[in-house]
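Q: coordinates only, sequence not included:
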């Protein structure tokens, strides 16, 4: 990594996370591997853009997405601004451990590594995990989940809150596509999956790696901790994964292999495991949450198919 420059990009969109953004930037600036540059890409928010320009250190680059609104194009603005060889992303409501960047980017010494995803640990707003919320559904709150399918540390796609790419590979693949991405708090949830599939099709011998020791702590606000959000987020997952399946149905027969493996894990490991301890309140509650998540995801997938 001695000759590789790493640009860290943080995307932001709301004044509500102003303090979180400061904490995220501070954690990046304190890394054991110093980034080549830190870029804040702001999505269609002039007030936040101006505020960050006055409050953050001058070495932090602040850029504004005035194109297509949403996370995808905001990330693309950050990538186009970056001058590093590697572009690393951390969410604006996350805090990185001191060795986060070193562990995330060390794999790029291998020329076949195209992208790397790290681990996201939930930082619960109430101080601890809700009794009813299973680890298997931590993806719903933007964190690494129990049952994540890996093959010798290789994964299909990186998590959006903690990821790094070779910049030239991103550019060759065409960057993130807005039709798969999110705007604000909800909807599009498949942009990382879609980009990683395109990258792998373009560089068939390349690999995408999961690095357990590259850790961020992702804040989980209370408004995400209810069945309404779980149901909506699961529905969106199914809807947008159907879009991916349609796009890659001919070129990649295994485009949803990660989801298939995860569903089997839920049905044949997670649910039966909790049935054995049905007398425990948390087992029944968590089993119910898993079943609701599966049903909502299936409904979203089915609606997506019917809209073709």
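A: Sure thing, it's come through. What you see is a predicted model, and the numbers here were worked out from it, not measured in a lab.
Q: return the set of buried residues in the strand or helix carrying residue 194.
A: Per DSSP states H and E, residue 194 falls inside helix 191-202. For helix 191-202, a neighbour-count test (16 or more other CB atoms under 10 Å) marks 191-200 as buried. (Each C-beta comes from the backbone N, C-alpha and C, glycine too.)
Q: got it, and stretch 55-65?
A: If you call a residue buried by 16+ other CB under 10 Å, then stretch 55-65 has these buried ones: 56, 60-65.
Q: tell me the centre residue of this protein?
A: residue 160 (2.1 Å; CA atoms, centre = their mean).
Q: tell me the secondary structure at it.
A: Here residue 160 is recorded as coil under DSSP: H, G, I helix; E, B strand; the rest coil.
Q: can you map out the helices along this protein?
A: 18-29, 46-55, 71-81, 100-105, 167-173, 191-202, 227-248, 257-265, 271-275, 281-306 (DSSP state H).
Q: low-confidence ranges in the stretch 51-200 of the chain?
A: 181-188 (pLDDT under 70).
Q: list just the nearest of the buried residues of stretch 55-65 to residue 147.
A: Ranked by distance to residue 147 (CB to CB), the buried residues of stretch 55-65 are led by residue 65 at 34.2 Å.
Q: quick revisit: got the contact list for the helix holding residue 194?
A: Here helix 191-202 makes contact (CB atoms under 8 Å, 6 or more residues apart in numbering) with 71-72, 75, 114-115, 156-160, 163, 165, 169-170, 172-177, 180-182, 206, 208, 241, 244, 247-248, 251-252, 255, 258.
Q: apply 6 Å and report the result again.
A: Contacts with helix 191-202, where a contact means CB atoms under 6 Å, 6 or more residues apart in numbering, come from 72, 114, 157-158, 160, 169, 173, 176, 180-181, 208, 244, 248, 255.
Q: likewise stretch 93-103?
A: Against stretch 93-103 from outside (CB under 6 Å, 6+ apart): 17, 20, 23-24, 27, 31-33, 90, 161, 211, 213-219.
Q: if you set the cut-off to 8 Å instead, what comes out?
A: By CB under 8 Å, 6+ apart, the list of residues contacting stretch 93-103 reads 6, 8, 17, 20, 23-24, 27-28, 30-33, 35, 88, 90, 118, 120, 123, 161-162, 211, 213-219, 221.
Q: got a quick PyMOL command for the buried subset of these?
A: Selection of the buried residues among those in PyMOL, burial being defined by 16+ other CB under 10 Å:
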select buried, resi 6+8+17+20+23+24+27+28+31+35+88+90+118+120+123+161+162+211+214+215+216+217+218+219+221
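Q: out of the contacts of stretch 93-103, which sit inside strands?
A: Secondary structure defined by DSSP state E assigns 6, 8, 88, 90, 118, 120, 123, 162, 211, 213-219 of the contacts of stretch 93-103 to strands.
Q: skip the chain neighbours and tell me the closest residue to residue 284.
A: Leaving aside its sequence neighbours, residue 284 sits nearest to residue 278 (CB to CB, 6 or more residues apart in numbering; 6.1 Å).
Q: measure the one you found to residue 230 for me?
A: 21 Å (CB to CB, to the nearest Å).
Q: ok, the two, which is more surrounded?
A: Counted by other CB atoms under 10 Å, residue 278 and residue 230 do not tie: residue 230 has more neighbours, with 21 against 10.
Q: give the contact list for that one.
A: Counting by CB under 8 Å, 6+ apart, residue 230 has contacts 137, 140, 289, 292-293, 296.
Q: can you put those residues in CSV and add distance to residue 283?
A: As requested, the contacts of residue 230 are arranged in CSV below (distance: CB to CB, whole Å):
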residue, distance to residue 283
137, 14
140, 19
289, 11
292, 15
293, 16
296, 21
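Q: are any of the residues you listed buried, and which?
A: For the contacts of residue 230, buried by 16+ other CB under 10 Å: 137, 140, 289, 293, 296.
Q: for the residues you listed, give me TSV that also has distance to residue 43.
A: Listed next are the buried ones among the contacts of residue 230 as TSV, based on distance: CB to CB, whole Å:
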residue	distance to residue 43
137	27
140	22
289	31
293	28
296	27
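Q: and which of those residues is nearest residue 270?
A: residue 137 (9.5 Å).
Q: contact partners for that closest one?
A: Per CB under 8 Å, 6+ apart, neighbours of residue 137: 145, 230, 289-290, 293.
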